[in-house]
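In: Let's see this in three dimensions:
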Amino acid sequence: MINGKRVVAVIPARAGSKGIKNKNVKVFAGKPLIAWTIELAQSVPEIDRVIVSTDGESIADVAKECGAEVYWRPKELSGDRALVIDAIKHLNKELDEQGETASYMVLLEATAPLRNASDVSDSIHLLEKNNLDSVATFTEAKLNPHRAWKIFNNTPEAFIDGANAWLPRQQQPEAWELNGAVYAFTRCGVEKQNASLLFGKTGSVVMPHERSMDIDTELDFMVVEKLMESKHEC
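Out: Numbering: from 1, shown residues only. Presented below is the predicted three-dimensional model:
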């Protein structure tokens, strides 16, 4: 809770991952991957309720073992093309029917286990302090868009008209990218959105690269697992 306003954390976790089989429950640094995010959410003092949104039995079992609530998302919101925001809207309606009065919701992807509690708390506090509609975490862009190219008929052209890809990195405009680690937003505001979780009056929390890695491939899994293990050895 923050200033008397309740906060609900939602961890979306579909079954049937194609990049990494059973990714959300695969053992990662000694425990199922999703367990790290559940435990992190439970450690954030502003969060009042932790819910895992899933369609998978094994994911639900792990979530319950970790002390999280389980929200069973409908089949039509569980496929490869389903948008997270649609599952959020559906959950929001169920929460309203339960009498949940939370003002804010925080979305935490299980695939970003290197984030820490302060990243989440900072996002919630920024949302509340500045009376924002949504906040997301960012990190410095790996590829500055002013150094990107497009190719047509084997001919390369600057992706951004007028950009000079040959300027040193320090002379390029600053560029940032969403890292997917934390999204915080008003529950009422998200109901009006079609796809984006960053909407209305927005804010940003910048995270370093070492906490911004997202797991999408087997290589990502191995690299991030090593980083997590070294982090806990310190």
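In: Quick one: the strands in the protein, in order.
Out: Counting by DSSP state E, the chain forms strands over residues 7-13, 27-28, 31-32, 49-54, 69-72, 104-107, 134-140, 149-152, 155-158, 176-186, 202-206, given from the N-terminal end onward.
In: other SSEs contacting the second one?
Out: With contacts defined as 3 or more C-beta pairs under 8 Å, 6 or more residues apart in numbering; DSSP states H and E, the secondary structure elements packing on strand 27-28 are helix 218-233. In short, each C-beta sits where N, CA and C put it, glycine included.
In: Output the helix it packs on as CSV, nothing but the C-alphas.
Out: Provided in CSV are the C-alpha atoms of helix 218-233 (Å, rounded to 0.1, in the frame of the first residue of the first chain):
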residue,chain,number,x,y,z
GLU,A,218,18.3,-20.8,-24.2
LEU,A,219,21.5,-18.7,-24.4
ASP,A,220,19.7,-15.9,-22.5
PHE,A,221,18.7,-18.4,-19.9
MET,A,222,22.3,-19.6,-19.4
VAL,A,223,23.8,-16.2,-19.3
VAL,A,224,21.2,-14.7,-16.9
GLU,A,225,21.4,-17.8,-14.7
LYS,A,226,25.2,-17.3,-14.3
LEU,A,227,24.6,-13.6,-13.4
MET,A,228,22.0,-14.5,-10.8
GLU,A,229,24.3,-17.2,-9.3
SER,A,230,27.2,-14.7,-9.1
LYS,A,231,24.9,-12.1,-7.6
HIS,A,232,23.9,-14.4,-4.8
GLU,A,233,27.5,-15.5,-4.1
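In: who's in contact with that helix?
Out: With contacts defined as C-beta atoms under 8 Å, 6 or more residues apart in numbering, helix 218-233 is touched by 19-20, 23, 26, 28-29, 36, 113-114, 210, 213-215.
In: Look at Cys234 and report its pLDDT.
Out: Reported pLDDT at Cys234 in the predicted model: 56.
In: and what of Gln193?
Out: At Gln193 the predicted local confidence, pLDDT, stands at 86.
In: Run through the residues that contact the closest residue to it other than its chain neighbours.
Out: In space, Gln193 comes closest to Phe199 once its chain neighbours are excluded; the distance is 5.1 Å by C-beta to C-beta, 6 or more residues apart in numbering. Contact criterion C-beta under 8 Å, 6+ apart gives 133-134, 185, 189-190, 192-193 as the residues in contact with Phe199.
In: try it again with 7 Å
Out: For Phe199, the contacting residues are 133-134, 189, 193, taking C-beta atoms under 7 Å, 6 or more residues apart in numbering as the criterion.
In: Can you give me the distance of it to Ile38?
Out: If you measure Phe199 against Ile38 using C-beta to C-beta, to the nearest Å, the figure is 26 Å.
In: about what we covered before: adding distance to Gly79 as columns, could you present the contacts of Phe199 in JSON lines?
Out: JSON lines is the format used below for those (distance: C-beta to C-beta, whole Å):
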{"residue": "Asp133", "distance to Gly79": "28"}
{"residue": "Ser134", "distance to Gly79": "25"}
{"residue": "Gly189", "distance to Gly79": "26"}
{"residue": "Gln193", "distance to Gly79": "20"}
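In: between those residues, which is nearest Asp55?
Out: Of all those, the one sitting nearest Asp55 is Gln193; the distance, using C-beta to C-beta, is 22.0 Å.
In: Any idea how many residues pack against the closest one?
Out: Taking other C-beta atoms under 10 Å as the neighbour definition, Gln193 ends up with a count of 18.
In: Great, nothing more from me.
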